[in-house]
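>>> I need the structure of the sequence given here:
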Amino acid sequence: MISVSNVTISFGSYKLLDSISFHISDTEKIGLVGKNGAGKSTLMKLITGEQAPTSGSIEKPSGIRIGYLPQIMEHHRGRTVLEEALSVFGHIHSMEEELSSVTDKLSQRTDYESPEYAALIARLNELNDALTLESGLSPRARAEKVLFGLGFRPDELERNTETFSQGWNMRIELAKILLSQPDVLLLDEPTNHLDIESIEWFEDYLKAFRGAVMLVSHDRRFLDSVTSRTVEILLGRIHDYKVPYSQYVTLRQERISQQTAAYENQQRMIEKTEDFINRFRFKPTKSNQVQSRIKALEKLERIEIDETDNARLSLKFPPAQRSGDVVFKGVDLTVGYPQKVVFRNAQIEIKRGEKVALIGRNGEGKTTLMRVLMGELDPFEGEAKVGHNVRIGYFAQNQEDILDPSETVFGTLDRIAVGDIRTRLRDLLGAFLFKGEDIDKKVSVLSGGERARLGMAKLMLSPYNVLALDEPTNHMDIRSKDILKQALQSFDGTLIVVSHDRDFLDGLADKLYEFKDGRVSEHLGGVQDFLRKRKLENLQELERRAADNEVKTEKTANKAAQEQFRQRKVLDKEQRKIQNRISFLEKEIARLEGRIGEIEATLAAPAEKDDIMELTREYLELKLSLDAHTEEWTARMEELEN
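I've put the predicted structure just below:
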């Protein structure tokens, strides 16, 4: 269905993708893997046509519909969640308006044998067929089904999109893509802002999806559940495996091991052969054997081991200056936004040197507390106070809103660096894997993982004694996560981190604040202690249980909502049938009236060849049929109005 042929992407002398080729068939589920900055997002942009290759071609069928979810996107404002989701159904409204217009034109015409009349009839049938294909669930019911699956509550559908976080707006964009029913889904880290129940719903959706899927994710379980093929981008080349992610990891290691063993055996053979040639090159009795072995070496196909990218992130935070004993204290905090209170009466105290994790489902207030900590949001009630000599380095989820897209990688740091560190900016960027021409890249072309690394590099420019990190691992590959965790464990200041990743938090946090049902509760100890006390396996199970409890408490409301949706679906389906029947009746009435008019004209001045009796019989039958159609049309119109 989609063919990528010898595609190269170059930036100056640097080749991001080097003559890659592969094919996407119409039902494949592909996991696209590789290190941050390897070119995964660029490849998706090439397929969508947002970016052109330096050389090579990408062939797509005409009329193919591609649904693309990038890491970074523009979100619309001024509409409710439901209105924004329904915006994808504009084509249905357009067809309904055109159907009404065509029906009006037919009712006004009497040139029943003309090509124009035939064309209108053909278009009427096309529109009816197209609308029949769209029948079933109404657009509203379809939108609500997807939005609920992605975690929205019924009462949130009428809130404006700008009152939601970037993560929730990403869910709205994802819902719009799914509702547009594309032939191909290109999803760039779609699970970054989804909690566990939404991920599970999304997994089921993708497994049932009839089109092709290519997705980027650092979630091994998600990849294994959804994909059956893994395409790896490594140092500009493509390695294609017809297996899910976990099997790909095993096969890749086996391939490298086999290549290494074969390479080493061949090198030993070459070494022995060259040794024989050197020893007997000038001995006449061995000349034939020497020449034979020289020719054999010349013809030998040399085994090469696939290159591996061993570049590693290098992280060490600057020493932290001493702050006051209490870094942050919140007393009786009630915090939220004009449309909603997020949590009430919270008691929060973070002391110097503590490593604190904020956990809980999306939307419960973790990022909101970070905004209070940074002074971006004032509480409705209570007191929020930052301690003496506290300097906070903040890493936000939405790095794209914080970094200047028109600035270069080097310029981003150079603009804010002061003192001796200015002479070491290239070394600092090198530690974050920005080397050579990478430092001259515009921020606008960086991948999500590269922006995350650049945002982290900014934290190295000042000796912060408090690090406030909101989902810092969202765009990081597994190796980078481990290195960041080690650096944070060694950090001698205070850490406040929001994360859903149990492996990342395990051994890092020594105190937790749980955000749940509008309340904030403190738990001393690490993640494992918390899970053990709660008899949970992982943080995802915590989110799942919270969701289960929420379902129980809202069971009655949900049942009522479901019944409303069912009734609305039945009503919409019946209305569509009535509308289609009315269109048919109007077309038939126009045809009957036209024929009756022709017969009346003939009977008023009959010719000798006209059969008066037969015309009279046909006239009476047509009148009876016209009366019946008109009576049914009146009844259907009344039914539709009621």
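>>> phi first, then psi, for the spatially most central residue of the chain.
Among the residues of the chain, Pro190 comes closest to the average C-alpha position under C-alpha atoms, centre = their mean, at 3.1 Å. Backbone torsions for Pro190, taken as degrees, to the nearest 10, come to phi -70, psi -20.
>>> that one and Pro70 touch, don't they?
No - in this structure Pro190 lies outside contact range of Pro70 using C-beta atoms under 8 Å: 10.1 Å. C-beta coordinates here come from the backbone N, C-alpha and C atoms, glycine included.
>>> rewinding a little: quick one, what contacts the residue nearest to the centre of the chain?
By C-beta atoms under 8 Å, 6 or more residues apart in numbering, the contact list for Pro190 reads 69, 174, 202, 215, 217.
>>> pick out the most distant pair among those residues.
Spatial extent of the contacts of Pro190 (C-beta to C-beta) is set by the pair Leu174 and Ser217 at 13.3 Å.
>>> overlap in contacts, the two.
When contacts are counted by C-beta under 8 Å, 6+ apart, Leu174 and Ser217 are jointly contacted by 187, 190.
>>> domain ranges for the protein?
70-181, 248-299, 326-547, 556-641 (automatic domain parsing).
>>> and among those, the most buried is which?
Highest mean neighbour count among those (mean count of other C-beta atoms under 10 Å): domain 326-547, with a mean of 18.
>>> local confidence estimate at Leu137?
Reading off the confidence values, Leu137 has pLDDT 64.
>>> number the chain from 60, please
New numbering, starting at 60: the last item is Leu196.
>>> mind listing which of the contacts of Pro249 are in strands?
Helix and strand membership here follows DSSP state E; of these, those in strands are 128, 274.
>>> what is the nearest of the contacts of Pro249 to Asp463?
After measuring the contacts of Pro249 against Asp463 - C-beta to C-beta - the closest member comes out as Leu128, at 24.1 Å.
>>> now the closest one. Nearest residue, chain neighbours left out?
Leu246 (4.8 Å; C-beta to C-beta, 6 or more residues apart in numbering).
>>> mind listing what's buried in the helix or strand harbouring the one you found?
When secondary structure is defined using DSSP states H and E, the element that contains Leu246 is strand 243-247. The neighbour-count check on strand 243-247 (16 or more other C-beta atoms under 10 Å) flags 243-247 as buried.
>>> which one of those is nearest Ile671?
Nearest to Ile671 out of the buried residues of strand 243-247 is Val243 (C-beta to C-beta; 65.7 Å).
>>> what pairs with the closest one across the strands?
Beta-bridge pairing for Val243 (DSSP bridges): Ile125, Ala271.
>>> just the pLDDT at it, thanks.
94.
>>> one more: the one 5 residues further on?
The per-residue pLDDT reported for Glu248 equals 86.
>>> quick check: it touching Val275?
Yes - using C-beta under 8 Å, Glu248 and Val275 qualify as a contacting pair, with a distance of 5.4 Å.
>>> so for these two, which sits in the more crowded spot?
Shown here are Glu248 and Val275; by other C-beta atoms under 10 Å, Val275 has more neighbours (26 against 22).
>>> how far away is the more buried one from Ser173?
For Val275, the distance to Ser173 equals 56 Å [C-beta to C-beta, to the nearest Å].
>>> Gln638 too?
Here the distance between Gln638 and Ser173 works out to 26 Å (C-beta to C-beta).
>>> so where do the strands sit in the stretch 60-209 of the chain?
Per DSSP state E, counting those that start in this stretch, the stretch 60-209 of the chain carries strands over the ranges 61-70, 73-83, 88-92, 114-118, 125-128.
>>> could you point out which of those sits nearest Ala568?
Ala568 lies closest, by C-beta to C-beta, to one member of those: strand 88-92, at 28.7 Å.
>>> quick one, that closest one and strand 73-83 angle?
Between strand 88-92 and strand 73-83, the angle formed by their directions is 170 degrees, by axes from the mean of the first three to the mean of the last three C-alpha atoms, to 10 degrees.
>>> and strand 88-92, what's buried?
88-92.
>>> of those, closest to Gly584?
For Gly584, the nearest member of these is Val92. The distance, counting by C-beta to C-beta, is 35.3 Å.
>>> contact partners for that closest one?
Val92 makes contact with 99, 275, 282, 289-292, 304, 307 under the criterion C-beta under 8 Å, 6+ apart.
>>> and for Tyr572?
407, 415-418, 428, 579-582.
>>> from those residues, which two are the most distant?
Taking C-beta to C-beta as the measure, the contacts of Tyr572 have their most distant pair in Leu428 and His582, spaced 15.4 Å apart.
>>> so where is this structure shaky, pLDDT-wise?
Low-confidence regions of the chain, defined by pLDDT under 70, span residues 191-196, 254-256, 363-373, 458-460, 536-537, 561, 593-632, 701.
>>> any idea how far Lys304 lies from Glu680?
Rather than Lys, residue 304 is Tyr. Distance check for Tyr304 against Glu680: by C-beta to C-beta, it reads 71 Å.
>>> could you find the closest non-adjacent residue to Ser169?
Rather than Ser, residue 169 is Thr. Going by C-beta to C-beta, 6+ apart, Thr169 has Gly653 as its nearest residue, at 5.6 Å.
>>> distance check, the one you found against Glu659.
Distance from Gly653 to Glu659, counting by C-beta to C-beta: 11 Å.
>>> kindly report the same for Glu357.
Counting by C-beta to C-beta, the separation of Glu357 from Glu659 is 100 Å.
>>> same check on Lys540?
As defined by C-beta to C-beta, Lys540 lies at a distance of 85 Å from Glu659.
>>> next: Trp260.
As it turns out, when the distance is counted by C-beta to C-beta, Trp260 lies 64 Å from Glu659.
>>> repeat that for Leu245.
Leu245 sits 63 Å away from Glu659, taking C-beta to C-beta as the criterion.
>>> got CSV for the contacts of Tyr572, with secondary structure and distance to Gly489 too?
CSV is the format used below for the contacts of Tyr572 (DSSP: H, G, I helix; E, B strand; the rest coil; distance: C-beta to C-beta, whole Å):
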residue, secondary structure, distance to Gly489
Ile407, strand, 38
Val415, strand, 31
Ala416, strand, 30
Leu417, strand, 32
Ile418, strand, 34
Leu428, helix, 35
Val579, strand, 41
Ser580, strand, 43
Glu581, strand, 41
His582, strand, 40
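>>> got TSV for those residues, with distance to Glu667 too?
Supplementary listing: the contacts of Tyr572 in TSV, determined by distance: C-beta to C-beta, whole Å:
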residue	distance to Glu667
Ile407	104
Val415	105
Ala416	101
Leu417	98
Ile418	97
Leu428	98
Val579	99
Ser580	101
Glu581	106
His582	104
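>>> go ahead and confirm Phe339 touches Val349.
Yes - Phe339 is within contact range of Val349, at 5.4 Å (criterion: C-beta under 8 Å).
>>> returning to what we had before: now, which of the buried residues of strand 88-92 sits nearest Gln634?
Within these, proximity to Gln634 (C-beta to C-beta) peaks at Lys88, which comes in at 37.1 Å.
>>> ok, what's across the strand from the closest one?
Beta bridges link Lys88 to Val272, judged by DSSP bridges.
>>> re earlier: the residue nearest to Leu128: what's it in contact with?
Leu246 sits in contact with 128, 233, 272-276, where contact means C-beta under 8 Å, 6+ apart.
>>> before we move on, what about Arg381?
411, 448, 524.
>>> cool, Ser549 as well?
Each residue near Ser549 by C-beta under 8 Å, 6+ apart is listed here: 375-376.
>>> tell me how far it lies from Ile542.
Distance, Ser549 to Ile542, using C-beta to C-beta: 11 Å.
>>> cool, thanks, signing off.
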